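J.: Give me a model of this one.
(one chain, ligands or ions: 1)
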Amino acid sequence: MIFAGRFAGKVMVVTGAAQGIGAGVAARAAAEGASVVLVDRAEFVTEVEQAIVAEGGKAISICCDLETYEGAAVAMAKAVEAFGRIDILINNVGGAIRMRPYAEFEPAQIDAEIRRSLMPTLYCCHAVLPTMLEQGAGTIVNLSSNATRGIRRVPYSAAKGGINGLTQSLAMEYAESGIRVVATAPGGTSAPPRRVARNAEGDSAQEQAWMAEAVAQVTDSAFLKRYGTLEEQIAPILFLASDEASYVTGTVLPVAGGDLG
Ligand SMILES: NC(=O)c1ccc[n+]([C@@H]2O[C@H](COP(=O)([O-])OP(=O)(O)OC[C@H]3O[C@@H](n4cnc5c(N)ncnc54)[C@H](O)[C@@H]3O)[C@@H](O)[C@H]2O)c1
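T.: From the prediction side, this is the model:
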């Protein structure tokens, strides 16, 4: 469903916009009037930009690595250069790289999960603040996960717990500056096959078996006993990003069929 004009005149930065939830959020926000800035380290993010522009939307894409502070700073600077302001930041980069019992994680793999699922959001929130403070307004929507209580991906669970903490604390600290900070906590979500895999090394048969255990736990923990759709994740993200949610801040909204994470 499209709410025509809901984001008219708004500039929205979406991280991890080349595929999945991020691409869907960007496309729908553009259809609802936003000027969107698509940030991803996958070069095919330009294809999402082209599709939006072909539909008559306004979009630019920026290719950078948000696991570095420099990437976050460059992305925000280019967004302001292109559109003059940033009204909304959707921090969508993240995702469990590996699924395995915690005892089976190697130390470097623990670090990689935190770098992927916590640091880009921490960096982008910091990098966008000067712009939002100057504007005296802004909205940040972070992507958490129901995995804050789940098996086979403890480092990712910890990263997303960090997302919940920064969402609440940042909201408290900057409410007086006109900045809202909120999050959704998606559950398992059905999507087309990923063009960029979470784990560039591929998953062994053992890892696929561990992943199946996590999928079973996620499905069982949901009252609705099923995965959600991309559209079921995109809609609450855009509601929280919109002015309709102007009295909602510091909230992490579970979107997981009854699983509160
Ligand atoms: N899909 C799910 O089932 C699910 C469930 C719960 C939470 N989530 C959360 O929702 C968000 C989106 O999930 P998804 O499944 O759509 O993601 P995805 O893995 O399909 O896509 C992530 C995108 O982020 C990009 N990216 C990854 N690392 C990056 C980096 N360092 N710099 C720049 N770009 C980078 C990738 O290139 C990719 O385009 C994530 O934060 C994830 O943790 C997803």
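J.: quick check, residue 180 in a helix?
T.: No. Assessed with DSSP: H, G, I helix; E, B strand; the rest coil, residue 180 is strand; it does not lie in a helix.
J.: now the strands for the protein?
T.: 11-15, 35-40, 58-63, 88-91, 138-143, 179-186, 189-190, 228-229, 252-255 (DSSP state E).
J.: Could you check how far the first one is from the centre of its chain?
T.: Per Cα atoms, centre = their mean, to the nearest Å, the displacement of strand 11-15 from the mean C-alpha position of its chain is 10 Å.
J.: Serialize the strands of the chain to TSV and add fields for distance to the ligand and mean neighbour count.
T.: Placement of C-beta: from N, CA and C, glycine included. Compiled in TSV, the strands of the chain are given as follows (distance: least, Cβ to the nearest ligand atom, whole Å; neighbours: other Cβ atoms under 10 Å):
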stretch	distance to the ligand	mean neighbour count
strand 11-15	6	28
strand 35-40	4	29
strand 58-63	8	20
strand 88-91	8	29
strand 138-143	4	26
strand 179-186	4	25
strand 189-190	4	15
strand 228-229	8	16
strand 252-255	9	20
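J.: Need those in CSV (columns: distance to residue 117).
T.: Compiled in CSV, those are given as follows (distance: least, Cβ to Cβ, whole Å):
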stretch, distance to residue 117
strand 11-15, 12
strand 35-40, 15
strand 58-63, 20
strand 88-91, 10
strand 138-143, 9
strand 179-186, 13
strand 189-190, 15
strand 228-229, 19
strand 252-255, 15
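J.: Could you dump those strands into TSV and include mean pLDDT?
T.: Listed next are the strands of the chain as TSV, based on pLDDT from 0 to 100:
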stretch	mean pLDDT
strand 11-15	99
strand 35-40	99
strand 58-63	98
strand 88-91	99
strand 138-143	99
strand 179-186	99
strand 189-190	98
strand 228-229	98
strand 252-255	98
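J.: can you tell which of those is closest to residue 169?
T.: Among those, the nearest to residue 169 by Cβ to Cβ is strand 179-186 (8.7 Å).
J.: quick check: angle from that closest one to strand 138-143?
T.: 20 degrees (axes from the mean of the first three to the mean of the last three Cα atoms, to 10 degrees).
J.: List the neighbouring strands of strand 179-186 plus their orientation.
T.: According to DSSP bridges, strand 179-186 forms sheet pairs with strand 138-143 (parallel), strand 252-255 (parallel).
J.: so which of these comes closest to residue 96?
T.: strand 138-143 (12.5 Å).
J.: and the residue lying closest to residue 43 once chain neighbours are set aside, what is it in contact with?
T.: In this structure, residue 43 finds its nearest non-sequential neighbour in residue 63, 5.7 Å apart by Cβ to Cβ, 6 or more residues apart in numbering. Contacts here follow Cβ atoms under 8 Å, 6 or more residues apart in numbering; on that basis residue 63 touches 40-43, 45-46.
J.: want to try JSON lines for those, with distance to residue 153 as columns?
T.: JSON lines is the format used below for the contacts of residue 63 (distance: Cβ to Cβ, whole Å):
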{"residue": "40", "distance to residue 153": "22"}
{"residue": "41", "distance to residue 153": "21"}
{"residue": "42", "distance to residue 153": "22"}
{"residue": "43", "distance to residue 153": "27"}
{"residue": "45", "distance to residue 153": "25"}
{"residue": "46", "distance to residue 153": "31"}
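J.: Nearest to residue 135, out of those residues: which one, please.
T.: Of all these, residue 40 has the smallest distance to residue 135: 24.7 Å, by Cβ to Cβ.
J.: hang on, the closest one packs against residue 61?
T.: Yes. Using Cβ atoms under 8 Å, residue 40 makes contact with residue 61 at a distance of 7.3 Å.
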